[in-house]
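Chemist: build me a model from this:
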Amino acid sequence: MAPSVQNIFLTYEHEFDTVDVVGRACWLRKVDPLAVFLAPDDMASATASRKVRAGQLRRVARGIVTDDLDVPLEQVVARHLYELVGRLLRGAVISDRSARKGGQPIDAADGTRILYVTHPERRRDLELPGHLVSVRPGPGPVEGDAAYLHDGVSVASLGRALVDNARESHARTGRPARTLSRYELEQWIDTLASDFTDDRFARLRSQVEQVADLLGEHDLGEVVSSLLAAAQSTRRDVKVSYPALVARRDGVPVDTRRLELFDQLVAALRDRAPEPMSTSEAGEPRRAVLPFFEAYFSNFIEGTEFEVSEAAEIIFDAKIPQARSADAHDILGTYQLVSDPAEMATVPGDGEQVLQLLRSRHATIMQARPDKRPGQFKTVANRVGSRVFVAPEEVIGTLQAGWQRVRALDDPFARALTAMFLVSEVHPFDDGNGRVARVMMNAELVAAGQVRIVIPTVYRNNYLAGLRGMSVNGRADGLIAVLAFAQRWTSQIDWSSVETAMAELEATDALRDATDAEAEGIRLQLPARVQHA
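Modeler: Residues are numbered from 1 along each chain as shown. Below is the predicted model:
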């Protein structure tokens with residue numbers, strides 16, 4: 001039995017019994033499962049050796065044993081890593097690349113998990129099964145560093161982590177460099193600039209300067225401070241290479257997470273074989289009827305609900321209901337855009353043109369709602385539920401960078417879908433974003449002589465679910481499938497008159513309430529299937 005002089009209770013994510021301490025010897029008794037570490041001094045080593053020989057303990061590493069006889073030693077160490085570091089390297093500070101990862105080990109190519117620390121006295125690494133605690137000589141905890149999971153080990157503050165990672169290092173065979181590359185450091189700082197408020201970012205700059213003084217690393221502190229200044233666009237002379245930080249330095253910041261999301265969508269669309277659906281709307285009655293229903297459904301999705309007959313009076317007879325003048329003008333403004341052949345054949349060629357066209361189209365749709373600031377980009381952040389859209393200061397840069405991705409696509413359907421998702425995900429206006437997004441989508445199709453995409457009422461939940469799946473989980477397949485089916489449905493409807501269109505809309509359940517239809521197991525049907533049923 002291990003000798004006991006004092007009991008120390010630990011706070012950790014698992015429930016512990018006690019730690020018995022005698023001099024430098026430490027025997028940690030674990031409640032669940034069995035896992036006893038013994039760091040014996042001379043007086044206890046003989047006992048530990050006898051137990052190892054008797055099969056009652058297993059040796060983890062020099063001076064460390066466990067009574068867990070079943071679980072692989074790599075897993076035992078992983079579960080107790082910070083206890084071991086706290087006991088064997090008391091005063092260690094998790095730093096460098098591990099600090100960037102929130103205190104977690106880094107996976108090396110050979111399967112080893114590396115925890116990078118600094119220590120004021122120790123020079124040698126600590127090797128454990130499946131793990132390496134890589135030690136760099138350096139100061140112990142300083143102001144701002146925080147205790148990490150176990151007494152005796154701390155994690156570097158954000159300011160210290162940035163300064164530490166400004167230090168140059170080199171990768172070894174199969175193992176990453178100890179610190180971030182300059183490019184990775186710039187990427188991290190851009191992310192912080194996107195996530196932090198101006199006040200919080202200013203406090204971070206102050207912390208970096210303070211930490212650099214405490215560590216005696218003034219040159220490294222200056223490197224980080226200059227990058228932080230570039231991120232705030234107050235030092236445009238700073239040389240940076242990470243594209244998003246370049247844009248931020250030059251006063252046109254972008255949302256890098258959204259750009260990565262757009263890249264995922266573009267990659268998925270490029271893997272999809274094009275399925276062109278050509279059409280000719282010129283000189284046909286559908287030139288008025290199809291845009292009418294496009295405007296009607298696009299507003300219905302956003303909660304501007306009228307009966308089809310009421311919407312027809314608003315658009316074709318200019319009968320504006322006094323009680324709902326703003327709602328009526330929403331539909332009318334949308335129709336003015338989508339029924340104009342010249343307007344719908346206009347697509348932006350570059351980032352500046354997309355800004356102008358978005359402002360113009362938004363102003364037309366929202367002309368009766370001055371409180372929504374028609375044609376002006378948002379100045380206050382917006383959200384839907386827990387989904388927060390692009391920050392106001394990143395709208396212009398993200399739209400311009402996103403539009404480069406749209407123009408790089410050859411397939412009109414791919415361009416249309418990406419254009420719609422770009423506007424939807426940026427959400428550049430106070431209101432009316434969905435309607436503008438769908439106008440941008442169909443303009444890409446009309447300009448290429450392709451069938452438009454109409455999202456009928458019954459298909460609303462499918463459409464929104466596709467958007468959420470792409471936005472939240474990066475799942476492009478659902479959104480692509482939803483819009484591809486909607487385009488097929490649109491191509492098969494007879495838009496020659498309001499009456500013929502209404503008959504097919506009713507036959508395909510297009511006018512059903514989405515939630516009610518879902519509860520009843522009713523789905524949008526293709527006209528061809530209905531006719532053959």
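Chemist: now do the strands in the stretch 51-200 of the chain.
Modeler: 58-61, 64-66, 92-94, 106-107, 113-119, 126-128, 131-137, 146-148, 150-155 (DSSP state E, counting those that start in this stretch).
Chemist: how about the ones you listed, which one is nearest residue 473?
Modeler: strand 106-107 (23.5 Å; Cβ to Cβ). C-beta here means a position set from N, CA and C on the backbone, and glycine is covered the same way.
Chemist: quick one: that closest one to chain centroid distance?
Modeler: The chain centre lies 22 Å from the centre of strand 106-107; the measure is Cα atoms, centre = their mean, to the nearest Å.
Chemist: helices or strands next to that strand in the packing?
Modeler: strand 113-119 (3 or more Cβ pairs under 8 Å, 6 or more residues apart in numbering; DSSP states H and E).
Chemist: just give me the neighbour total for the closest residue to residue 492 other than its chain neighbours.
Modeler: Spatially, and ignoring its direct neighbours in sequence, residue 492 is nearest to residue 527 (4.4 Å; Cβ to Cβ, 6 or more residues apart in numbering). Neighbourhood size, residue 527 [other Cβ atoms under 10 Å]: 19.
Chemist: report the contact partners of residue 527.
Modeler: Residues in contact with residue 527, defined by Cβ atoms under 8 Å, 6 or more residues apart in numbering, are 489, 492-494, 504, 507-508.
Chemist: for this structure, what helix or strand is lowest in average pLDDT?
Modeler: Here the helix or strand of the chain ranked lowest by mean pLDDT, DSSP states H and E is strand 7-8, holding a mean of 26.
Chemist: show me where pLDDT drops low in the stretch 51-200 of the chain?
Modeler: Across the stretch 51-200 of the chain, nothing is flagged by pLDDT under 70.
Chemist: now the helices for it?
Modeler: Along the stretch 51-200 of the chain, counting by DSSP state H, counting those that start in this stretch, helices occupy 73-88, 96-100, 158-165, 182-195, 198-215.
Chemist: quick check: which of those is buried the most?
Modeler: Of the helices of the stretch 51-200 of the chain, the one with the most neighbours on average (mean count of other Cβ atoms under 10 Å) is helix 158-165, at a mean of 27.
Chemist: which helix or strand contains the closest residue to residue 314 other than its chain neighbours?
Modeler: Spatially, and ignoring its direct neighbours in sequence, residue 314 is nearest to residue 328 (4.8 Å; Cβ to Cβ, 6+ apart). Here residue 328 sits within helix 325-338, counting by DSSP states H and E.
Chemist: list the buried residues for that helix?
Modeler: By neighbour count with 16 or more other Cβ atoms under 10 Å, helix 325-338 contains the buried residues 327-338.
Chemist: relative to residue 368, which of the residues you listed is nearest.
Modeler: The closest of the buried residues of helix 325-338, once distances to residue 368 are taken by Cβ to Cβ, is residue 329, at 3.4 Å.
Chemist: how near is the closest one to residue 406?
Modeler: 29 Å (Cβ to Cβ, to the nearest Å).
Chemist: equivalent analysis for residue 420, please.
Modeler: Distance from residue 420 to residue 406, by Cβ to Cβ: 10 Å.
Chemist: next one: residue 468
Modeler: 21 Å.
Chemist: what about the two, which has more around it?
Modeler: residue 406 (23 against 16).
Chemist: can you name the next helix or strand after the strand or helix carrying the more buried one?
Modeler: Assigned by DSSP H and E, residue 406 belongs to helix 395-407. On the C-terminal side of helix 395-407, the closest following helix or strand by DSSP H and E is helix 412-426.
Chemist: buried set for whichever helix or strand comes after that next one?
Modeler: Per DSSP H and E, the first helix or strand lying C-terminal to helix 412-426 is helix 433-447. For helix 433-447, the neighbour count (16+ other Cβ under 10 Å) marks 433-446 as buried.
Chemist: turn the residues you listed into TSV, including pLDDT.
Modeler: Formatted as TSV, the buried residues of helix 433-447 follow (pLDDT from 0 to 100):
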residue	pLDDT
433	97
434	97
435	98
436	98
437	98
438	98
439	98
440	98
441	98
442	98
443	98
444	98
445	97
446	96
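Chemist: could I get those residues in a markdown table, plus columns for distance to residue 185?
Modeler: What follows is the buried residues of helix 433-447, written out as a markdown table (distance: Cβ to Cβ, whole Å):
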| residue | distance to residue 185 |
| --- | --- |
| 433 | 34 |
| 434 | 38 |
| 435 | 41 |
| 436 | 37 |
| 437 | 35 |
| 438 | 40 |
| 439 | 41 |
| 440 | 36 |
| 441 | 38 |
| 442 | 43 |
| 443 | 41 |
| 444 | 38 |
| 445 | 43 |
| 446 | 46 |
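Chemist: looking at the residues you listed, which is nearest residue 477?
Modeler: residue 441 (18.1 Å).
Chemist: isn't the closest one right next to residue 416, touching?
Modeler: Yes. In terms of Cβ atoms under 8 Å, residue 441 counts as a neighbour of residue 416; the distance is 4.5 Å.
Chemist: overlap in contacts of those two?
Modeler: With Cβ under 8 Å, 6+ apart, residue 441 and residue 416 have common neighbours residue 453.
Chemist: show me the domain layout of this protein.
Modeler: What automatic domain parsing lists as the domains of the chain is 7-161, 182-252, 257-532.
Chemist: residue 173 is nearest to which of the ones you listed?
Modeler: domain 7-161 (8.4 Å).
Chemist: which SS class is the residue nearest to the spatial centre of the chain?
Modeler: A centroid search over the chain (Cα atoms, centre = their mean) returns residue 257, at 4.9 Å, as the residue closest to the centre. Three-state call for residue 257 (DSSP: H, G, I helix; E, B strand; the rest coil): helix.
Chemist: which ones are touching it?
Modeler: Counting by Cβ under 8 Å, 6+ apart, the residues that residue 257 touches are residue 194.
Chemist: report the separation between it and residue 231.
Modeler: 16 Å.
Chemist: for the stretch 251-400 of the chain, just list every one of the helices.
Modeler: With DSSP H, counting those that start in this stretch as the criterion, the stretch 251-400 of the chain has helices spanning 256-270, 286-301, 308-316, 325-338, 341-344, 351-365, 395-407.
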